[in-house]
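# Sequence first, then the predicted structure:
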Amino acid sequence: GAGVSQTPSNKVTEKGKYVELRCDPISGHTALYWYRQSLGQGPEFLIYFQGTGAADDSGLPNDRFFAVRPEGSVSTLKIQRTERGDSAVYLCASSLNPQGLTFFGQGTRLTVV
Amino acid sequence: GENVEQHPSTLSVQEGDSAVIKCTYSDSASNYFPWYKQELGKRPQLIIDIRSNVGEKKDQRIAVTLNKTAKHFSLHITETQPEDSAVYFCAASIHGNEKLTFGTGTRLTIIP
């Protein structure tokens, strides 16, 4: 596609529920990243995929967060037992290779009520 | 891990004047420093970047300088225009560990 695409753009969920956030990277980009951005803050790294494998998941806050990229393209970020503190904009980004320029998607605004 | 500090948090500049935003980083192994512009409700957009083998890079009205010894880098915007109003983020990464560590952002307002 022309850019990084994320769906949904907005998601409201109740505390304790499970959510999935989808990212479709730029075609041909092998590196994919998830970041989380709270209001008034810079993006915070969550996880980085090179191809299908998670090369660095050191930013995932706890075991309620999990991400997959089974075919090396689309990625899904999964959050179990959501908490109000999980409310933020979840940004996906991709780059042609790990040393390439990183382009961000529009983000998914997650609100846990 | 890497820590990036960014100043100022807010900056108001008269249209046509220059704006400077400064960042410092902690890890001397960092070697890639991009700058992103984020308008309200929009995605961060890469506007310029610099790698550690150069000290300065320019792209029209935007320039970035890097001082590796002091571990700081700066964004310079000249001849500012109203459309430059946005939040600007600096970031740093270490080769081989491709995650970006971002600063806390600078809200730039251009006064017409």
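Looks like it arrived, so ask away. Numbers count the residues shown, from 1 in each chain, chains lettered A, B, ... in the order given.
# show me what contacts residue 66?
This is for chain A. A:60, A:77, A:78, A:79, A:80 (CB atoms under 8 Å, 6 or more residues apart in numbering or on different chains). To be clear about C-beta, it is placed using only N, CA and C from the backbone, and glycine gets the same treatment.
# To clarify, I was referring to chain B.
B:33, B:50, B:52, B:54, B:55, B:56, B:72, B:73.
# and the contacts of residue A:66, which are buried?
A:60, A:77, A:79 (16 or more other CB atoms under 10 Å in any protein chain shown).
# List, out of these, those positioned next to chain B.
When CB under 8 Å from any CB of the partner chain is applied, no member of these is adjacent to chain B.
# Quick check: buried residues in the lowest-mean-pLDDT helix or strand in chain B?
Sorting the helices and strands of chain B by mean pLDDT, DSSP states H and E puts strand B:97-102 at the bottom, at a mean of 86. The neighbour-count check on strand B:97-102 (16+ other CB under 10 Å) flags B:97, B:98, B:99, B:100, B:101, B:102 as buried.
# now swap in stretch A:90-107 and tell me
A:90-95, A:98, A:102-107.
# Among the residues you listed, show me the least confident.
Within the set of the buried residues of stretch A:90-107, pLDDT is lowest for residue A:98 (77).
# wait, isn't that one in contact with residue A:29?
No - applying CB atoms under 8 Å as the test, residue A:98 and residue A:29 come out as separate, 10.5 Å apart.
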